[in-house]
Each structure stands twice: as structure tokens, then as C-alpha cells.
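Asker: Just a sequence and a predicted model for now, questions to come.
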Amino acid sequence: MVKETEKSPVAVPCIGYEIMSGLWTLIHDLLGGTTAMRAAGQTWLPMETRESTTGYATRLGRTILYNGYRDTLNKLSNKPFTNPVVINELPEELEYLKDDVDGNNKPLEVFIKEALVNLIKYGVTHIFVDHSEVEIEEDKQLTREDEQKLGVRVYLVNISPANLIGWQSAKVSKSVELTQIRFTETVVEPSGEYGDTETNYINVYNKESFELHKQDPEKPEKYTKEGEDKTYSLGKIPLITIYADRTGFMTAGPPLIDLAWQNLAHWQSTSDQKNILRFTRFGLIFGKGLPDEMVKSGTLDIGPAKAFLTSNPEADMKYVEHNGKAIEAGQKDIEDTEHKMRVLGNQPLMKVPSSTATAERIDESRTVSQLQAWIRALERGVKQALGFACEWRKIEPPEDMGVNIYSDFEAMVIGSSDKELLLKMREAGEITGERLLKEEQRRGVFSLDMDAAEEAKAAQAEDAANLKDLLPDEIDEIDEIDDNDLEEDDD
């Protein structure tokens, strides 16, 4: 039996989603690059007063996005994966998840990175743990061969916060428990003999049942419920929610939103700068006392072998040039905005030290950067997801089951005391030059691909060569002194 479902109960987002999504439009357009920002038009680049439609279109078409937001998102999400993810104590029955979490050969490490991207982008992300719709006898343990024959397996699904449009919850004892979730899904399906088409669905999960709603391609506001509700045996909604900047139950704020606003300011300032350069690069001709017919026509033929003649002794014609002050101010504004973007982009990598240098030394080992905290939250979330996978398969989860994501990186520590202490320790001979370089490398002063040992050796060789060039005679004399000479001098 097919039932028609109005949009209001199934496709209208819940209040929490509406509040969060208001900040996502800018983020999505920035990630869409120059094409998306231009398509947004006056949303992000308002038309000036008395600016013509043609003039605005020309200005918009000359504006190119400096994508600091996307670069920062890529930098932060790539950093933990410079080393492989370590997967611990995964039960043999779930070993296939290492190389294929979703039935499409997506490795678990790639899945985890996608989750981290969503976490940084939205401040929250979700992992849904699904299972094949095959009934299994209670307490029956299936071999991998049995699973393959029956098509039985667990699926891990990253659900973007942009797709989780609704949820309901109930208070159980002192905790809040999910009782329903709704998320959208777009599936590419065959159409005709050779074509294909995108079809939109809304998945609805209650604690013990599942329903699917399909969008009507002719009436996008209408959804049709597909078949009857299906039941599942887990008894709870297998969704794990991971937070980076939590604002409430299932809600969060985008951690890099301030960077996004600065990127928008850069987009607008760049548009102004390109526009002013467009006019100031061409000299403006000013003339006075010219013949009436020339003034009335409003046109001048400019070029070699051209002359403008008049009997008016006060006539004049010259180029009027811009003094460039506005251009300099505009360029400085762009540079200042880029500096702010770099600072905001580095904040998730920074440790905030204590108020005193002594306390800073004590507390540093216990302090983590924002990115490191997000990684810890993601590790806990993945462990919970694997726990749900074990529940689906009726497996007792190993105590040490989970993942370790690389986070032994340290970026800049706010303040100069950290760097000054390292330099003083080097000058006092308490640490080697190689250790100094490694510590500064961990704090983001040098790139991760620098070989600290080789750099320290090269620095020593360069210092020795410079010293020999400056004092060649003295060094030769020193080389000639042997141990016996030193002993005699001591006597």
C-alpha cells in the first residue's frame, strides 16, 4: 500500500537544524569556490547605489576568490593523516571494516577522515551504523563465509549535519535518548536505456522501525512513503554524534565561522580593488576650450598622427591621473584581512599557555590544541560505532577495541616564552641544535618534511666553513697544535 505524505511532517527540518543551517550557506559557497560565490551574486557581493546591472555583472565577473577557508580546512583535516590510523583489537568477524566500511571498498581510514572534515566544517558530525536486512537466528555466530553467502554485513555511514534534517528525543532517567531521526539521501538511478537521474529520499528511523519516503520528481514538495514500515532488532537508533563546538543536544556551531566571515570580507575587498584598478589603469582625458562640434559629439579619436586644433588661446587638453592613495589603502585592507585569516586558521593548532612561564611549563603536557581535542572526540565516536557494529553481530566487544589517530603534532604556543626558553637551553648547551629544530618543528615553525638531523649537520658545517673563511690563519695554527702542546701549556 502506497501512502502520500505531505512535506510538513517528513521533509520540514526541525528547529535545531534550522538554527544551525543559517551559518552553513556561507561555508558551502566558499567551499564551492569562485563559481559558487559568483552564482550567489548579491547575497555576498551587494550592488552599489546607482551601479548599473551591466556594471555590477562586469565587476562580479572580474572578482576571484582567495580561498583561505578551504585551504585551512584541508590543512587541518590532512594533518592527522600524515601517519596511518592504528586500528586496535577489531574482532575477526568485523575485520572487513578495515578495508570496506560501506560495501563500496571505502577504507576505514578514509571514512574517519571524511568524518573529521565534517566535524571541522560544521562543529558536529554523525556516524550511523546499519546492518543488512537479513534475519539471523538468536545467538547464532556466522562465519565470514556464511556472511558472504547471505550478504550479511555491517555498514558504517557518515551522515553530514547538512543531511540530518530532523530528530526527536525523550528524557530517560537523567539522560536524553534519541527516539527518531530523519536524514536525506540522493541516489543516482538508471533512466531509460542509457541515461540516469538523481532521486531524493528521506530515511526515517524510529527506535524499532524504519521507513523510506521518495520525492515526487514532478512535485518536489511531495514525498511518497515506500511500502510498509520495516522493523529492526537493535532496539535503539544506532547513531553516534560527535561534537567539536557543542551548543546543545545534536547542535553545534562551526569552529571556523570567523575565518569564513574574514574570507567573505576578502572577497568583497578584492572586488573593490579590482574595480578601482580597472579605471585607474586608464588615463582620464580632460579638455577645455575645444570646438563646440567636438564637445557635442562627445567622442575623441586618440592615437598617433592625430591633432586637435583650435583658435581658442585658453584651450587645454591633458591626462588626469589618480594619485593612488585609494589603491594603497585597498591593498593594505586586503593584506590585513589575509593576516587575520592566517591567525584564525592557525588557532585550532595552538595551545593556550597559562599566565606564567612556570605554570606554562607544568601545564603544557596536559594542554591540547583544539584539533587534538577534536581528534580525541573522533576516536571515542569511532569506538562507539564499532561497539554498535558488535551489537548488531552479537559479538562481545574487546576491551581495547578502537582506533588511534595521529596527534603528536604541536603547533605554535601563544606567547614568546616557549621559544625563548628553548633558545636559552640551546645557548647553555642543555639541548642540541637538532633537538631545538625538532621542538620548533613540532610547534609549526618549520614544515613537517624537514629533516632536523640533516638540517643541524648542515648548519654546523656552514658555521665551520664561515669561521674558516673569516680566520684562516688562526684556524691553521690551531690545527697544528697537538695534545702534547696542550699538556705542556697546562704545566
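Answerer: Nice, I can see it. Residues are numbered from 1 along each chain as shown.
Asker: remind me which residues of the stretch 151-300 of the chain are low pLDDT?
Answerer: Along the stretch 151-300 of the chain, the model assigns pLDDT under 70 to residues 276-290, 293-300.
Asker: what about the strands in the stretch 151-300 of the chain?
Answerer: Here the stretch 151-300 of the chain has its strands, by DSSP state E, counting those that start in this stretch, at 154-159, 164-172, 175-191, 195-206, 209-215, 223-225, 230-231, 239-243, 246-248, 251-252, 284-288.
Asker: mind putting those strands in a markdown table, mean neighbour count and distance to Pro398 included?
Answerer: C-betas here are computed from N, CA, C, even on glycine. Shown next, in a markdown table, are the strands of the stretch 151-300 of the chain (neighbours: other C-beta atoms under 10 Å; distance: least, C-beta to C-beta, whole Å):
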| stretch | mean neighbour count | distance to Pro398 |
| --- | --- | --- |
| strand 154-159 | 21 | 16 |
| strand 164-172 | 16 | 28 |
| strand 175-191 | 14 | 25 |
| strand 195-206 | 15 | 27 |
| strand 209-215 | 18 | 29 |
| strand 223-225 | 18 | 40 |
| strand 230-231 | 10 | 29 |
| strand 239-243 | 21 | 18 |
| strand 246-248 | 13 | 29 |
| strand 251-252 | 20 | 31 |
| strand 284-288 | 11 | 78 |
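Asker: Now tabulate those in a markdown table and tack on distance to Val86.
Answerer: Formatted as a markdown table, those follow (distance: least, C-beta to C-beta, whole Å):
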| stretch | distance to Val86 |
| --- | --- |
| strand 154-159 | 18 |
| strand 164-172 | 29 |
| strand 175-191 | 30 |
| strand 195-206 | 31 |
| strand 209-215 | 34 |
| strand 223-225 | 43 |
| strand 230-231 | 37 |
| strand 239-243 | 19 |
| strand 246-248 | 27 |
| strand 251-252 | 27 |
| strand 284-288 | 67 |
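Asker: Excluding covalently adjacent residues, which one is nearest to the residue nearest the centre of the chain?
Answerer: When C-alpha atoms, centre = their mean is applied to the chain, the residue found nearest the centroid is Leu73 (1.9 Å). Counting by C-beta to C-beta, 6 or more residues apart in numbering, Leu73 lies nearest to Ile120, which is 6.0 Å off, once chain neighbours are set aside.
Asker: Does Asp408 lie in a helix or a strand, and which?
Answerer: Using DSSP states H and E, Asp408 is not contained in any helix or strand.
Asker: tell me the contacts of it?
Answerer: Contact analysis of Asp408 by C-beta atoms under 8 Å, 6 or more residues apart in numbering lists nothing.
Asker: just Leu178 next, same as before
Answerer: Contacts here follow C-beta under 8 Å, 6+ apart; on that basis Leu178 touches Trp167, Gln168, Ser169, Lys207, Lys236, Ile237, Leu239.
Asker: From Ile27, how far off is the spatially closest residue to Leu344 that is not a sequence neighbour?
Answerer: Spatial nearest neighbour of Leu344, excluding adjacent residues (C-beta to C-beta, 6+ apart): Leu259 at 4.2 Å. Plainly put, Leu259 is 10 Å away from Ile27 if you go by C-beta to C-beta, to the nearest Å.
Asker: Do I have it right that Tyr406 meets Ile112?
Answerer: No. Taking contacts as C-beta atoms under 8 Å, Tyr406 lies outside contact range of Ile112: 11.1 Å.
Asker: When those two are compared, which one has more neighbours?
Answerer: Just comparing Tyr406 and Ile112: by other C-beta atoms under 10 Å the higher neighbour count belongs to Ile112, 26 against 14.
Asker: what's the span of stretch 429-438, first residue to last?
Answerer: End-to-end distance for stretch 429-438: 16 Å, by C-alpha to C-alpha, to the nearest Å.
Asker: For that stretch, buried residues please.
Answerer: In terms of neighbour count (16 or more other C-beta atoms under 10 Å), stretch 429-438 has its buried residues at Ile431, Gly433, Glu434, Leu436, Leu437, Lys438.
Asker: Please report phi then psi for the fourth one.
Answerer: Its backbone dihedrals place Leu436 at phi -60, psi -50, with angles given as degrees, to the nearest 10.
Asker: Going forward, the N-terminal residue is numbered 43.
Answerer: Sure, I'll start counting at 43 from here, so that last one is Leu478.
Asker: what is the mean pLDDT for stretch 439-457?
Answerer: Mean pLDDT, computed over stretch 439-457, is 78.
Asker: same deal with stretch 355-371?
Answerer: Across stretch 355-371, the average pLDDT comes to 64.
Asker: What is the end-to-end distance of that stretch?
Answerer: 40 Å.
Asker: again, but for stretch 204-222
Answerer: In stretch 204-222, first residue to last residue: 17 Å (C-alpha to C-alpha).
Asker: what's the answer for stretch 126-133, then?
Answerer: Stretch 126-133: ends 20 Å apart by C-alpha to C-alpha.
Asker: Mind listing residues that contact that stretch?
Answerer: Stretch 126-133 is contacted from outside by 139-140, 150-151, 154, 428, 432, 435, 437, 439-448, using C-beta under 8 Å, 6+ apart.
Asker: Could you pick out the buried ones from the residues you listed?
Answerer: If you count burial by 16+ other C-beta under 10 Å, the buried members of the contacts of stretch 126-133 come out as 139, 150-151, 154, 428, 432, 435, 437, 439, 443-445, 447.
Asker: between those residues, which is closest to Pro262?
Answerer: Closest approach between those and Pro262, by C-beta to C-beta: Ile154, at 34.2 Å.
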